[in-house]
Every structure is written in structure tokens, then in C-alpha cells.
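Colleague: Just a sequence and a predicted model for now, questions to come.
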Amino acid sequence: MSTNTGTSTGTNTGTTVVPARAAWSSVVRAGETLTITDLHGNQAVDFLVYDAHDTAVRYSAPDTIHAQGGIFLTTGSVLLSNEHTPLMTVVADEVGRHDTVGGACSKESNTLRYGHHTWSQHACVDNFLAEGAQHGLGKRDLVSNVNWYMNVPVEKDGTLGIVDGLSAPGLTLTLRAERDVLVLVSNCPQINNPCNGFEPTAVEMTIGTAAHEDAA
Amino acid sequence: MATATTYGARDHARTQDGTRTEAMPVVPAGNWPTPPCEAGHLVWAETVAGGNYTHRVLARGTELRLTDLRGDACAHLLLYAADRPWERLNVADTVKVQWNAYLGEGRLLLSDQGRVLASVVADTSGRHDALCGTSTLVRNTRRYGDGTPQSASPAGRELFKLAAAKNGLAPRDLPPSLSFFQGVEVREDGALDFTGSAGPGGSVTLRAEQDVTVLIANVPHPADPRDDYISTPLEVLAWRAEPTKPGDPLWDAAPECRRAFLNTAEFLAARGLA
């Protein structure tokens, strides 16, 4: 794993660049925003989110998919927990489609998808395990995750696959925390499929202060 | 019968022996009245009531047939490697590795360790779902007025919590689940269409490729649009059989399947289990 992991265990303020293949985490307080910038385009950002005060309550892909009646995330999508409560909401999205289905790459699943020669490569699950351990999270706490900027369509016969992304350099999306949340990110190191244009690149994380509702 | 004394209470309880109800386990399973012809030796025979759950540990090679008796069962399912529950069903890997979002005959149910937990060896329903998971307390309370396990409309996740606890597992150990007999389809724009059930009598047969802990909740699919909580009995039968071997069409159905079976075989061989 990269030694330059851009890690944070507290609330970040301002902007952090997360290098290619690295992990990142932060608490985002209720009402604060997290903006993810795809600096170079087509970089998959594997993303898990937990209730910061009770990490047994965590992002649930199936609850999120069912509640919004579809598999793609974009502006207005609410990330629901496994208890069907809101964790974060997508409040702005310059891309239009993000993945809920594909989960994270792992050294193990890579041996199935591409062959055993991939075992020595970096993988998102390893990032999640290493970064999550700093918050007391273990393997049982990893579930199907969001893949920001990743494009996974489903054909009529059910065929699905990671295909060329819809993102471009500098595009952003912004999430608002609906409660205090812990965000865990693996800046996907995958080099075998189009999710990163076959070359992982850096992304940028910006935490913004809570937006004040207009009294009028 | 007088139950005012300890002797009377004991006698009253003992007279219930042999009572048959519609939904219950039959023990021993060999007493099941209508064993399927494939079943040399039944090891699990149970009818799970609508809104109820069950769980069992099955040896590698066991075949497990789930049957939707009346057309409104929905078998929400989780699998764990028995005695090593940190290896568990990974729904994302299951659909991604096999390049398909739908479940059906020939599909492997993959663990998070690049191995097979179970394979789908037969399917007469075709209405299954790997996307929507199961229902929750919050949602069932909103939909039906209650979602607690003892209510008339238990949520799948609440039942999974109980089944998991009886196997030493906690809510943190409940990943996204699969559901059988109530399906969804994905449109081009990503929206979901609920297909409902294929009707009474549909069945799906799984084959355990490792020793597995099976958790099943029989509750309505979360996308079921009906106002009422409709959940009918699920039949569960399991019998001893053989795990998938090299040469089986399932083994070589796709390169991803072959590597998953190879990983599993090597893992079991190293442990002295196969």
C-alpha cells in the first residue's frame, strides 16, 4: 500500500488531495458538506459512510437502491443506512451517474475477475481495512459501497459491467451530511478495468461548513 | 386437564407431543411425508411461516431446496462459512464477478474471499433479487404500522438479527442479502421494476460448496407494492449430495466460475477438508 495515504482521523477543514491508490477518512458533521473532485477524470472513488456515533449503522446499498427505486446515484439521492435512516444526500453532481452495485475491488475478487496474476496488486478492500482500523472498524464492517464516478450499466438480460466512465477532469459532486458521519474512502487503485482509465489518479476532498438555511 | 399442580402441568405439556401444524420443522427430517426423489437422506425439513425465520449449518455438498408453496413467499438469504463467519456472502462480488445482476440456475453465490459458498443448481422461479436487500424496522413501521419480530409485520432485518445472534453473530455481521421468489428488473436508466412472484410452486435449489451457516427470513420483498403485509409459507428441504467437482458443467461455465471453484478447492484441500 502507498505510504502517502493522506489520512485524517478527525474533522478536516479545507481541502485534502488524496493520491492515486490511497485511502482517506474523516468525520463530517451534520450539515457540513463533502465535495469530491475528480481531478484528472475517470477516477473511481470507493466510498463507505457510517454513523459517527454508532458505526453499526452504516451505508446500505440495498436500502438506498430500493428507497430511490433505481441503481444510479445523482443529485437528490439519499444514502440510507442499514436501519433505513439518512446518512448523506447528494446535493450537487456534475456527472449524473454513480455506481451502487459493483462494490470494492479486492485481491481475492481480482483473482476471479482477471486471474491469479493480479494478487500482488493494490486493492480497495485493503485500503478500507487499513484506514477503517484507525476507527475501530474491521472486516465485518465492510459492506457493498458506493463507487463515485464509476459507470456500471445493466443490460436487459442482466449483464452488467464496469464500462468507460462519464466523468472528466475537474468534475465534482457534493454530499451533505444528514447526521455526524464517518466517511471512509479508497481512491481506487484498480488498473485492470476502465473505471480509472487503467491509470489511477489523485482526487480532492473538501469539507465545507454547514450551510445556513435562509430565514426568508 | 388440571394444570394447578406441577404434575398436571407436566402432563398437559407432554400431551402436545406429535402435534402437527402447517409451519414447523419436522424432526427427524426423514419423517417428512413427501421427500423429493433426489433426496437420499433428508437433513432439514421445515415449513417456515410467512413473517418468520430459520437458520441451519449445512455440510459441504448438501443441497438445499426452497419452495414458494403458495406464491407469496420471499426467501431473504445470508450465507457464512461455518465456524469462520468472517468469510461471508458478498453480493457485490457475486454480481460483478459473474457479469450479471440477476440470480438463476448456474449462478455462484460468492464469498468475500474469492471463493464459492453455494451454487444455484436448479431454478423454476426466475424471480429473484440481488439489489434491494430486505426490509427494516423503520420501513415496515412506516408501511405496515410495525416491524418488530413479534408483530404481524416483522422486518427481514429484525429477523436476521435474531437468526444471526443464535449463531454468535451481531448486527454488524449482516451484509446485504439476496432474495428468492420476488424479483426486480433494471431498466436502461437504472430504475427498477418489481416483477413479483412467478406463482405457487416455484423452487430454487442451492448446493453448499463449503460448510455454511444459512440464515433465512421469509418476509415480503421491500419493493412489494401491496398495502397489506402478504407473506405465505416457505418450504425448506435439504439432503446430502455431492459438492461440485471438476468436469461438472457448472465448474467450467465461465473462467470466473472456474477460478472461484479452484480457489475453493485449494482452500479446502489445505485445511484437509477435501
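Modeller: Happy to help now that I have it.
Colleague: Distance-wise, check B:Asp227 relative to B:Ala164.
Modeller: Distance from B:Asp227 to B:Ala164, counting by C-beta to C-beta, to the nearest Å: 30 Å. Backbone N, C-alpha and C define where each C-beta goes, glycine included.
Colleague: the more surrounded of these two?
Modeller: B:Ala164 (23 against 8; other C-beta atoms under 10 Å in any protein chain shown).
Colleague: I figured the more buried one hits B:Pro175, correct?
Modeller: No: counting by C-beta atoms under 8 Å, B:Ala164 stays clear of B:Pro175, with 10.7 Å between them.
Colleague: Show me whatever sits in contact with both of the two.
Modeller: Common neighbours of B:Ala164 and B:Pro175, counting by C-beta atoms under 8 Å, 6 or more residues apart in numbering or on different chains, are B:Leu78.
Colleague: Can you list phi and psi of B:Thr34 for me?
Modeller: phi -130, psi 70 (degrees, to the nearest 10).
Colleague: shaky segments in chain B?
Modeller: B:37-39 (pLDDT under 70).
Colleague: Check whether the biggest helix by length in it comes near chain A.
Modeller: In chain B, assigned by DSSP state H, the helix with the most residues is helix B:255-270. Yes: using C-beta under 8 Å from any C-beta of the partner chain, we find that helix B:255-270 touches chain A at B:Glu256, B:Arg259, B:Ala260, B:Asn263.
Colleague: By neighbour count, which of those residues wins?
Modeller: Most crowded among these, counting by other C-beta under 10 Å, is B:Ala260 at 28 neighbours.
Colleague: My read is that that one contacts A:Leu112, right?
Modeller: Yes: using C-beta under 8 Å, B:Ala260 is in contact with A:Leu112, at 5.3 Å.
Colleague: what kind of secondary structure is B:Thr19 in?
Modeller: coil (DSSP: H, G, I helix; E, B strand; the rest coil).
Colleague: Now the phi/psi pair for it, please.
Modeller: Dihedral angles (degrees, to the nearest 10) for B:Thr19: phi -60, psi 140.
Colleague: What count of nearby residues applies to it?
Modeller: Neighbour tally, B:Thr19, other C-beta under 10 Å: 7.
Colleague: same question, B:Ala23
Modeller: There are 18 residues near B:Ala23, going by other C-beta under 10 Å.
Colleague: Name the helix or strand for it, please.
Modeller: Under DSSP states H and E, no helix or strand contains B:Ala23.
Colleague: any idea what sits nearest it, other than its immediate chain neighbours?
Modeller: B:Ala49 (3.6 Å; C-beta to C-beta, 6 or more residues apart in numbering or on different chains).
Colleague: My read is that the one you found contacts B:Glu235, right?
Modeller: No: between B:Ala49 and B:Glu235 there is no contact under C-beta under 8 Å: 11.3 Å.
Colleague: Look at those two and report which has more neighbours.
Modeller: For the pair B:Ala49 and B:Glu235, the greater number of neighbours falls to B:Glu235 (20 against 17), based on other C-beta under 10 Å.
Colleague: List the beta-bridge partners for the more buried one.
Modeller: B:Thr47, B:Thr67 (DSSP bridges).
Colleague: That one and B:Ile216, how far apart?
Modeller: In terms of C-beta to C-beta, B:Glu235 sits 11 Å off from B:Ile216.
Colleague: any residues in contact with both of the two?
Modeller: B:Val48, B:Leu66.
Colleague: show me the contacts for B:Ala49.
Modeller: By C-beta under 8 Å, 6+ apart, the neighbours of B:Ala49 are B:Glu22, B:Ala23, B:Asn218, B:Pro233.
Colleague: Could you pull out the helices in the stretch 101-250 of chain B for me?
Modeller: Applying DSSP state H, counting those that start in this stretch to the stretch 101-250 of chain B gives helices spanning B:137-144, B:156-165.
Colleague: Need these in a markdown table (columns: distance to chain A).
Modeller: Shown next, in a markdown table, are the helices of the stretch 101-250 of chain B (distance: least, C-beta to the nearest C-beta, whole Å):
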| stretch | distance to chain A |
| --- | --- |
| helix B:137-144 | 4 |
| helix B:156-165 | 7 |
